[in-house]
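Trainee: Sequence first, then the predicted structure, then my questions.
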Amino acid sequence: MFVDHIRILAKAGDGGNGTVSFRREKFIPRGGPDGGDGGNGGDVVLVVDPSTDNLRQFFYDPKLIAENGKAGGGSRKTGKSGKKIIARVPPGTVVYRSNAGTITEAVEFERSEEGIDLEPIADLTENGQEFVMCHGGTGGKGNWNYRTSTNQAPQEHTLGTPGDAGIFYFELRRIADVGLVGFPNAGKSTILGKLSHAKPKVASYPFTTLQPMVGVVEFPGFRRCTLADIPGLIEGAHDNRGLGHEFLRHITRCRVLLFVIDMGGVDGRDPISDLEILRKEVKEYDEELARFPWKIVANKMDVDGAEENLTAFKLRFPKIDIIPIAAELDVGLDDLKQMLDNEVAYKFTK
């Protein structure tokens, strides 16, 4: 099961209460105050773990509840602090906080999402990066802290403060240098499998790829780049048609977009129309994304009519770099790989 977005209920531990206590020992019948402080509540901490590739671990138990601090004791003993809870998330996880600021509001949020706004609070991309999502409460003060020369038997103490709590939303955005964008059956999975060691499923029916696949492309001089195969889009994807928003988010971190076009026009497709629709869907989803550098991979050049389609395509898009290939036959892949080395691996590793 691949999970790339999930809603989480998180609650840091409450601080323990301070204690009212007085020293009572043999031969010391009127000992002074010795009530200790409460322990602090545990934090809820997220840690980026590169061995985790999706958010599946939160699917069956979407709650992160840290331990409360213990109350203070006599003899000025501080209560034990609550144990923090550590949750591991994959690189590329964006964390949002809802405007449900209390547990009561969080429960209401569970029942209905109406009127709920989400605010991004963390973008976790670096391996080992830590983020305290909920801070634990502070332990209360024991009566030992309130002794004075005129108040030698204080009853004052404070309660521990509650830990942070709320509803959060995790969204995974796969980190890759290059994103392959195209309609179903355009050949994206074949290209990924040929250029890298990734093993995506390849078949002749739509939506073979049901989750983003990332492969590493190796170049001379120990250079490399990562290539992401995004599940095929359809017209209206920006309105969440087809797989829609489920996977468009995964190309928002790419440095270069490669639009894979079926130049053979298989299934009666028109290559020019395909590119225009894909560009429109990307722009409708995110105008900033539409301004990313992009190139065209003209695939299935071994199909009858592909050469004529490519000629018309070049007339329609004369200023855009086009790399003609036939991925299944390994034709043109060296040129595509050289372009990736020049435009991505070498440029960003100098």
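Mentor: Yep, it's here.
Trainee: Residue 196 contacts residue 228, correct?
Mentor: No: with contact defined as CB atoms under 8 Å, residue 196 and residue 228 do not form a contacting pair (10.4 Å). Yep, even glycine has a C-beta here, placed from its N, CA and C like the rest.
Trainee: Name the residue in the two with the higher neighbour count.
Mentor: For the pair residue 196 and residue 228, the greater number of neighbours falls to residue 228 (25 against 20), based on other CB atoms under 10 Å.
Trainee: now the helices for the protein?
Mentor: For the chain, applying DSSP state H gives helices covering 103-111, 188-195, 245-248, 271-285, 287-290, 306-316, 333-340.
Trainee: Pick the most buried one from these.
Mentor: Highest mean neighbour count among the helices of the chain (mean count of other CB atoms under 10 Å): helix 188-195, with a mean of 23.
Trainee: Just give me how far it sits from the chain centre.
Mentor: For helix 188-195, the gap between its own C-alpha mean and the chain's C-alpha mean amounts to 24 Å (CA atoms, centre = their mean, to the nearest Å).
Trainee: Could you give the number of residues near residue 292?
Mentor: When counting by other CB under 10 Å, one arrives at 16 neighbours for residue 292.
Trainee: which residue packs closest to it, ignoring adjacent ones?
Mentor: Counting by CB to CB, 6 or more residues apart in numbering, the nearest residue to residue 292 once its immediate chain neighbours are dropped is residue 257, at 5.3 Å.
Trainee: roughly how far apart are the one you found and residue 123?
Mentor: Taken as CB to CB, to the nearest Å, the spacing of residue 257 relative to residue 123 amounts to 20 Å.
Trainee: Please say which of the two ends up with more neighbours.
Mentor: For the pair residue 257 and residue 123, the greater number of neighbours falls to residue 257 (21 against 15), based on other CB under 10 Å.
Trainee: Which pLDDT value belongs to that one?
Mentor: Here, the pLDDT recorded for residue 257 equals 93.
Trainee: Contacts only, for it.
Mentor: Residue 257 makes contact with 178-179, 181, 251, 282, 289, 292-295, according to CB atoms under 8 Å, 6 or more residues apart in numbering.
Trainee: and the closest residue to residue 262 other than its chain neighbours, how many residues sit next to it?
Mentor: Counting by CB to CB, 6+ apart, the nearest residue to residue 262 once its immediate chain neighbours are dropped is residue 186, at 4.9 Å. Residue neighbour count, defined by other CB under 10 Å, stands at 27 for residue 186.
Trainee: For the most centrally placed residue in the chain, which non-adjacent residue is closest in space?
Mentor: Residue closest to the average C-alpha location in the chain (CA atoms, centre = their mean): residue 93, at 1.8 Å. Spatial nearest neighbour of residue 93, excluding adjacent residues (CB to CB, 6+ apart): residue 124 at 4.7 Å.
Trainee: pretty sure that neighbour contacts residue 88?
Mentor: No: judged on CB under 8 Å, residue 124 makes no contact with residue 88 at a distance of 10.5 Å.
Trainee: How many residues are close by the nearest residue to residue 50 once chain neighbours are set aside?
Mentor: For residue 50, ignoring the flanking residues on the chain, the nearest one in space by CB to CB, 6+ apart is residue 127 at 4.8 Å. For residue 127, the number of neighbouring residues by other CB under 10 Å comes to 11.
Trainee: centre of the chain versus stretch 315-332, how much separation?
Mentor: Between the centre of stretch 315-332 and the centre of its chain there are 33 Å (CA atoms, centre = their mean).
Trainee: Could you list the buried residues of it?
Mentor: By neighbour count with 16 or more other CB atoms under 10 Å, stretch 315-332 contains the buried residues 317, 322-327, 332.
Trainee: what about it, how long is it end to end?
Mentor: 21 Å (CA to CA, to the nearest Å).
Trainee: Show me the contact partners of that stretch.
Mentor: Under the criterion CB under 8 Å, 6+ apart, residues 187, 190-191, 194, 263, 272, 275, 294-302, 310, 313-314, 333, 335-336, 339 lie in contact with stretch 315-332.
Trainee: OK, contacts around residue 86?
Mentor: The neighbours of residue 86, taking CB under 8 Å, 6+ apart as the test, are 45-47.
Trainee: so what pLDDT did residue 30 get?
Mentor: So residue 30 comes in at 73 (pLDDT).
Trainee: mind listing the strands for the stretch 101-250 of the chain?
Mentor: Ranges of strands within the stretch 101-250 of the chain are 118-124, 130-134, 165-172, 178-181, 213-219, 223-229, based on DSSP state E, counting those that start in this stretch.
Trainee: Would you format those strands as a markdown table with distance to residue 71 and mean pLDDT included?
Mentor: Written out in a markdown table, the entries for these read as follows (distance: least, CB to CB, whole Å; pLDDT from 0 to 100):
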| stretch | distance to residue 71 | mean pLDDT |
| --- | --- | --- |
| strand 118-124 | 31 | 92 |
| strand 130-134 | 21 | 97 |
| strand 165-172 | 20 | 92 |
| strand 178-181 | 54 | 90 |
| strand 213-219 | 49 | 86 |
| strand 223-229 | 51 | 87 |
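Trainee: Can you tell me which of those is packed in deepest?
Mentor: Ranked by mean neighbour count under mean count of other CB under 10 Å, the strands of the stretch 101-250 of the chain are led by strand 178-181, which reaches a mean of 27.
Trainee: Before I go, just wanted to say thanks for your time.
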